[in-house]
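> model this:
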Amino acid sequence: MRNLRRTLPSLNSFYIVEAVSRHLSFTNAADELGISQPAVSKSIRQIERNLCVRLFTRQHRGLSLTPEGEVFCTHVSAALNGVDKAVRQISTGSEGQKIRVNVSSSFVSMWLVPRISEFKSQNPSVLFEITENHGDLDRHTLSACDFTTRIGMGDWSDVVSWRLARERLYALASPEYVRAHPECMRLETLQQANLLHSTEANRSRMGWTEWFKATGTPFASEPDVLFSDHHSAIHAALVGQGVTLGWQHLVGGYLQEERLVRVAGTMVQTEQSVYLISPRDRNLHRQHDLFREWVVAQFRQDDQLPQGTDIYESDITLGG
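Numbers count the residues shown, from 1 in each chain. As a prediction, the model looks like this:
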């Protein structure tokens, strides 16, 4: 250990090496660690000087690991993960049983809140820290949570993912609105209804234009009402303001309670799926496994296609 202290004078050296080896970029590693890019570059040069070996090859478009760097960084990463795991295992109190979830406001209110008491009743010692987001997570926000969700193809390198369900969208309205506007019950006349639109600045999702395109129905309409959050459009539909699009995995509770009904007898299904994801470098423990298994089981239970609905396939891929 005395020789190691002379070679790598601080634990911070290990963190810098590990971050640079993951990002293969001094700039990105500096952003993650909250220090300057020159400080990272200087630290790596000092470490290489102390080790008398080159860890990284500097290239025009970034870095690559040397063979010696591959060996060293693999062991450094394993050592840091081992320390992190040991700390978590010996931690006492609520922090050791906490689950950090960062999902959209729609997912919180429409999916998680109605169900979370069931999980808590089965696992009373687990505490939740729930954060609502209004766009796809950047890497810093992602690294601070245990779980979030994404819609996409599941081929992400920065996370571990568990497929939950296909992305499916219905046209939805309240029973009161349907009685007053029967034209919304047919796809051919749906555009005569008040269509509620939503667009989110930091998240790309299917809207009415893409939905009608998938059904082969011409669509050219300026939105009468445009919300900056999908959750607001759902609320407007609940109080009888018009017809909104709703994702199957979010609106199941409203459909069961008959607060919303499917209109136009139509569903659009994309090639994408909804995934539960966790940062790839996160060490998950028993409470995380229990939560993940519970979420997957809940989705499997609810993932059923309604009868008497025309299903259209869409090859449009949006979002992360």
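> C-alpha only now, for contacts and for neighbours.
Noted.
> helices and strands around whichever strand in the chain runs longest, which ones?
Using DSSP state E, we find that the single longest strand of the chain is strand 261-279. Counting contacts by 3 or more CA pairs under 8 Å, 6 or more residues apart in numbering; DSSP states H and E, strand 261-279 is packed against strand 148-152, strand 159-173, helix 208-215, strand 310-314.
> how distant is it from the center of its chain?
Offset of strand 261-279 from its chain centre (CA atoms, centre = their mean, to the nearest Å): 14 Å.
> and the angle for it with strand 148-152?
110 degrees (axes from the mean of the first three to the mean of the last three CA atoms, to 10 degrees).
> which is the next helix or strand following the helix or strand hosting Arg22?
Element membership for Arg22 (DSSP states H and E) is helix 11-23. Using DSSP H and E, the helix or strand that follows helix 11-23 in sequence is helix 26-33.
> so what touches that next one?
16, 19-20, 23, 36-37, 39-41, 140 (CA atoms under 8 Å, 6 or more residues apart in numbering).
> one more time with 10 Å, if that's ok
With contacts defined as CA atoms under 10 Å, 6 or more residues apart in numbering, helix 26-33 is touched by 12, 15-23, 34-42, 44, 62-63, 139-140, 143.
> pLDDT weak spots in this protein?
By pLDDT under 70, the weakly predicted segments of the chain are 1-10, 85-96, 318-320.
> tell me which residue is most central in it.
Thr149 (2.8 Å; CA atoms, centre = their mean).
> that residue touches Leu164, doesn't it?
Yes. Using CA atoms under 10 Å, Thr149 makes contact with Leu164 at a distance of 9.5 Å.
> okay, and the common contacts of these two?
274-276.
> in JSON lines: those, plus distance to Leu172 and neighbour count.
Rendered in JSON lines, the data for those read as follows (distance: CA to CA, whole Å; neighbours: other CA atoms under 10 Å):
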{"residue": "Val274", "distance to Leu172": "20", "neighbour count": "21"}
{"residue": "Tyr275", "distance to Leu172": "23", "neighbour count": "22"}
{"residue": "Leu276", "distance to Leu172": "25", "neighbour count": "21"}
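> now those as TSV including distance to Pro218?
TSV is the format used below for those (distance: CA to CA, whole Å):
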residue	distance to Pro218
Val274	28
Tyr275	31
Leu276	34
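> quick check, nearest of those to Gln241?
Gln241 lies nearest to Val274 out of these, by CA to CA, at 27.9 Å.
> tell me the contacts of the residue lying closest to that closest one once chain neighbours are set aside?
For Val274, ignoring the flanking residues on the chain, the nearest one in space by CA to CA, 6 or more residues apart in numbering is Ile151 at 4.5 Å. Residues near Ile151 by CA under 10 Å, 6+ apart: 136, 163-167, 204-205, 272-276, 317-320.
> next, the angle strand 310-314 makes with the longest strand of the chain.
Using the same axes, to 10 degrees: strand 261-279 against strand 310-314 is 40 degrees.
> what residues sit buried inside strand 261-279?
261-270, 272-279 (16 or more other CA atoms under 10 Å).
> distance check, the residue nearest to Gln97 when sequence neighbours are not counted against Asp289.
Of all residues not flanking Gln97 in the chain, Val126 sits nearest, at 5.0 Å (CA to CA, 6+ apart). Between Val126 and Asp289 the distance is 12 Å, computed by CA to CA, to the nearest Å.
> neighbour count for the two, which is higher?
Val126 (19 against 11; other CA atoms under 10 Å).
> now do the helices in the stretch 1-150 of the chain.
For the stretch 1-150 of the chain, the helices defined by DSSP state H, counting those that start in this stretch cover 2-7, 11-23, 26-33, 37-51, 67-90, 105-107, 113-122, 139-143.
> dump these to a markdown table, plus mean neighbour count and distance to Val159.
Shown next, in a markdown table, are the helices of the stretch 1-150 of the chain (neighbours: other CA atoms under 10 Å; distance: least, CA to CA, whole Å):
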| stretch | mean neighbour count | distance to Val159 |
| --- | --- | --- |
| helix 2-7 | 10 | 32 |
| helix 11-23 | 18 | 13 |
| helix 26-33 | 18 | 16 |
| helix 37-51 | 16 | 25 |
| helix 67-90 | 14 | 16 |
| helix 105-107 | 19 | 19 |
| helix 113-122 | 12 | 24 |
| helix 139-143 | 14 | 9 |
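> now for the ones you listed, which one comes closest to Ala193?
helix 105-107 (23.6 Å).
> neighbours around Arg286, how many?
When neighbours are counted by other CA under 10 Å, Arg286 comes out with 9.
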